[in-house]
Every structure is written in C-alpha cells, then in structure tokens.
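Enquirer: sequence and predicted structure, then a few things I'm wondering about:
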Amino acid sequence: MVTVLSDTFSLVNTWINELRNVDIQQDRLRFRRNMERIGEIAAFEISKGLETAQREITTPLDRITVMEVAVQPVITTILRAGVPLFQGLLNYLDQADCGFVAAYRQHDANDYFSIKQDYLTCPNIDGRPLIVADPMLATGASLIEAIKDLLNHGKPTQLHIVVAIASQQGVDVISKEYPDAKIWVGVIDPDLTEKGYITPGLGDAGDLSYGEKLQR
Ligand code: URA
C-alpha cells in the first residue's frame with residue numbers, strides 16, 4: 001500500500017517545495033528540519049496503525065484506563081542521507097529502538113555508481129513493527145539491499161518504508177519486492193536521470209544535509 005502524503009494539500013507540500021527549491025535548499029538547517037518534519041508526520045500516520053494495549057494510569061484526581069503503543073517499533077535508516085528523516089520519526093516515536101545501515105554510492109570516472117554496504121547494527125525485530133527511513137527512493141537498489149539485511153534480525157509484524165521523494169520506478173520496484181509493506185512517501189516524481197537521480201527531485205539529499213563529500 002502506498003500513501004502519498006502530499007496528495008491532499010497540507011504543510012507537507014510546503015516543506016517538500018522548500019526541499020526542492022534550489023535557493024531555499026542551501027539553508028542546511030532548514031533542509032534537515034524539513035526532512036525531520038516529514039518524518040514526524042509519517043510517524044503520526046504510522047502510529048494510527050500500531051497495535052495498542054490498555055493500561056491504568058493515575059492522574060492527580062483519578063485512575064483511568066488509557067490506550068498506548070503495545071510493542072515499540074524499530075526505526076532504521078541508511079547513513080548518511082537518511083539521518084534527518086529518521087530523526088523526525090524518532091522525535092515522535094520516541095521510545096523506539098533504532099538500527100543503522102551504512103551504504104554509499106561508489107562512483108566511477110563517468111559518475112556511474114554501484115551500491116556499497118559495509119556496516120549494519122540493529123536490535124531484534126522479531127514480533128515488532130519495522131520502520132525504514134530512506135529520504136530518496138530512486139532505483140530501490142540500496143533500499144532492497146538494506147531491508148534484506150535488516151530482515152536477518154527477525155520477522156517484523158509490520159514493515160513501513162518512509163520516503164520524502166520517490167521515483168515512480170522505485171515505488172514500483174519496492175511494492176513488487178515487499179507487497180505487504182506500507183510505503184509512506186512525501187511525493188512521487190516521474191523520472192530518474194541516467195545517473196540515477198530522481199527528477200525533478202531535489203539533488204543529493206546527503207550533500208544538502210551535511211555538505212559535499214569527497215568521491216573516492
Ligand atoms: N539520492 C539522492 O540524494 N538524490 C536522488 O535523486 C537519488 C538518490
């Protein structure tokens with residue numbers, strides 16, 4: 001199931017516009033914060049479908065029965081571009097456990113790339129909802145690789161994939177590979193460039209958050 005968060009106009013549209021705008025996106029603090037905000041909205045939406053449990057709490061005046069999250073999710077992301085979107089999810093689902101995957105595009109002399117993954121740390125995800133934050137879903141290659149490795153850490157009850165901007169191709173690939181996954185996406189763009197960038201997209205989310213890296 002794919003939910004596009006900007007299909008009905010809301011502040012999400014404004015934040016995506018600012019992420020894309022070639023002038024506004026130069027403000028790194030604003031860029032990261034807008035990614036976080038999309039993560040926060042996605043967390044709120046995801047929370048509506050989490051398993052709940054009843055608990056008694058004491059207020060200064062009475063005892064009442066309330067509903068709360070029964071099983072805390074595991075929130076994961078792919079370093080480094082995923083960190084602000086991940087942080088937004090964690091701001092709201094603030095008792096979750098977390099996991100990290102390090103993956104990067106290794107570029108050749110012609111600026112074509114392959115995905116390299118070299119580090120993963122993740123708690124047990126057996127019987128818990130798994131949330132994977134990937135801000136830019138382009139071909140889906142790095143996301144499939146990351147989810148495959150994360151699923152070695154147990155069988156989750158739900159799989160949520162949270163994306164700020166996706167290509168239509170990426171959404172199709174992930175929906176086919178994980179038909180039971182819930183995909184929460186800010187917006188879906190029509191195309192990918194031949195170098196694998198989403199277009200119109202926003203450029204390089206990692207560089208815009210943290211500065212340009214050396215390509216080695
Ligand atoms: N990663 C990015 O940062 N941007 C894209 O367009 C695709 C992947």
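Expert: That came through fine.
Enquirer: now the lowest-mean-pLDDT helix or strand in the chain: buried residues?
Expert: Across the helices and strands of the chain, mean confidence by mean pLDDT, DSSP states H and E is lowest for strand 113-121: a mean of 83. For strand 113-121, a neighbour-count test (16 or more other Cβ atoms under 10 Å) marks 113, 115, 120 as buried. Heads up, the C-betas are built off the backbone N, CA and C, glycines and all.
Enquirer: go on, stretch 67-82?
Expert: Of all the residues in stretch 67-82, those buried under the rule 16+ other Cβ under 10 Å are 73-78, 80-82.
Enquirer: ok, stretch 19-38 next?
Expert: Across stretch 19-38, burial judged by 16+ other Cβ under 10 Å covers 19-20, 25, 31-32, 34-38.
Enquirer: give me the contact list for that stretch.
Expert: Under the contact criterion Cβ atoms under 8 Å, 6 or more residues apart in numbering, stretch 19-38 has outside partners 5, 11-12, 15-16, 18, 84-85, 87-88, 91, 135, 162, 164-165, 186, 200-203, 205, 208-211.
Enquirer: tell me which parts of this protein are close to the ligand?
Expert: Listed as neighbours of the ligand in the chain under the rule Cβ under 6 Å from any ligand atom: 81, 136, 138, 197-198, 201, 204-206.
Enquirer: just those residues: which are in helices?
Expert: Mapping the residues of the chain next to the ligand onto helices (DSSP state H) picks out 205-206.
Enquirer: so which of the residues of the chain next to the ligand would you say is closest to Ala96?
Expert: When the residues of the chain next to the ligand are compared for distance to Ala96 (Cβ to Cβ), Ala81 wins out at 19.8 Å.
Enquirer: for the nearest residue to the closest one once chain neighbours are set aside, what are its contacts?
Expert: The shortest distance from Ala81 to any non-neighbouring residue, by Cβ to Cβ, 6 or more residues apart in numbering, is to Gly206 (3.7 Å). Gly206 makes contact with 80-81, 213 under the criterion Cβ under 8 Å, 6+ apart.
Enquirer: how about Gly170?
Expert: Residues near Gly170 by Cβ under 8 Å, 6+ apart: 137-140, 143, 163, 192, 198.
Enquirer: any idea of the pLDDT on the nearest residue to it once chain neighbours are set aside?
Expert: Nearest non-adjacent residue to Gly170, counting by Cβ to Cβ, 6+ apart: Leu137, 3.8 Å away. With respect to pLDDT, Leu137 scores 98.
Enquirer: same question, the one 5 residues further on
Expert: The pLDDT attached to Ser142 in the predicted structure is 93.
Enquirer: which SS state does it fall under?
Expert: helix (DSSP: H, G, I helix; E, B strand; the rest coil).
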